[in-house]
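A.B. asks: What follows is a predicted protein model with its sequence.
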Amino acid sequence: MARHFKYNWAAIKEQYVQADPPIGLRQLADATGISYPAISDHSRHDGWAQARLDYQNAAMMKARSLAIDQKAHQAVNSIDALDLSVDILHKQLLQMSAGLAGKDWSEEDPDKIARASSSVANALDKVSRCRELLTGGADSRQQIDLATVLAVMNQRKDRSPE
């Protein structure tokens, strides 16, 4: 005579494996109305404990992957914003340098020029350092040597007629 399966063991195993928070076999026996020895035997025979560990590890890996992806997107957005800031500051510094190159320096307040140059250079330096921190190093395509820029500006100042 064919044996009649009274319980859906696959569904019970799934309930045990995917329970959040995890439940014990005795709790599962109470919840399903199946005897503890019967559930314990099926659990041992079908590897429910290992299946639960595998399920939990897969869920944890998925959560970590999603968190890493989210942080990566945030970092990329931050780097893009910093790159844009560096480009803007770099253009402003070059425009300021070019604008001052043809001027008679004796007509300009040297302290004002030095403060403006220093302010732009410091802002550019801070943004560049933030970008380097996020990227793990300077981007050689856009690395700006602020000391060189200031030295060139000072050379132009020294060469201008007084």
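C.D. replies: Thanks, I have it. Since we're looking at a predicted model, the values are computed, not measured.

A.B. asks: Every contact and neighbour count from this point should use C-alpha atoms.
C.D. replies: Will do.

A.B. asks: and Asp20, what are its phi and psi?
C.D. replies: Here is the backbone geometry of Asp20 (degrees, to the nearest 10): phi -140, psi 110.

A.B. asks: ok, now the one 4 residues further on?
C.D. replies: Backbone geometry at Gly24, expressed as degrees, to the nearest 10, gives phi -90, psi 170.

A.B. asks: Could I get the buried residue list for stretch 8-22?
C.D. replies: Ile12, Lys13, Tyr16, Val17, Gln18 (16 or more other Cα atoms under 10 Å).

A.B. asks: right, and the helix or strand after whichever strand or helix holds the second one?
C.D. replies: Assessed by DSSP states H and E, Lys13 sits inside helix 9-18. Towards the C-terminus, the helix or strand next in line after helix 9-18, according to DSSP H and E, is helix 25-32.

A.B. asks: Report all helices and strands that the helix or strand just after that next one contacts.
C.D. replies: Scanning forward in sequence from helix 25-32 by DSSP H and E, the next helix or strand is helix 36-46. Helix 36-46 is packed against helix 25-32, with contacts defined by 3 or more Cα pairs under 8 Å, 6 or more residues apart in numbering; DSSP states H and E.

A.B. asks: Taking their axis directions, the helix it packs on and helix 36-46 sit at what angle?
C.D. replies: 120 degrees (axes from the mean of the first three to the mean of the last three Cα atoms, to 10 degrees).

A.B. asks: what angle separates helix 25-32 from helix 9-18?
C.D. replies: Using the same axes, to 10 degrees: helix 25-32 against helix 9-18 is 130 degrees.

A.B. asks: Quick one: mean pLDDT for helix 25-32?
C.D. replies: Regarding helix 25-32, the rounded mean pLDDT is 95.

A.B. asks: And stretch 120-133, by the same measure?
C.D. replies: 72.

A.B. asks: Same question for stretch 56-75.
C.D. replies: For stretch 56-75, mean pLDDT is 86.

A.B. asks: List the buried residues of that stretch.
C.D. replies: Applying 16+ other Cα under 10 Å to stretch 56-75 flags Gln56 as buried.

A.B. asks: Same check on stretch 21-37?
C.D. replies: Applying 16+ other Cα under 10 Å to stretch 21-37 flags Leu25, Leu28, Ala29, Tyr36 as buried.

A.B. asks: cool, stretch 73-90 as well?
C.D. replies: Ser78, Ile79, Leu82, Asp83, Ser85, Val86, Leu89, His90.
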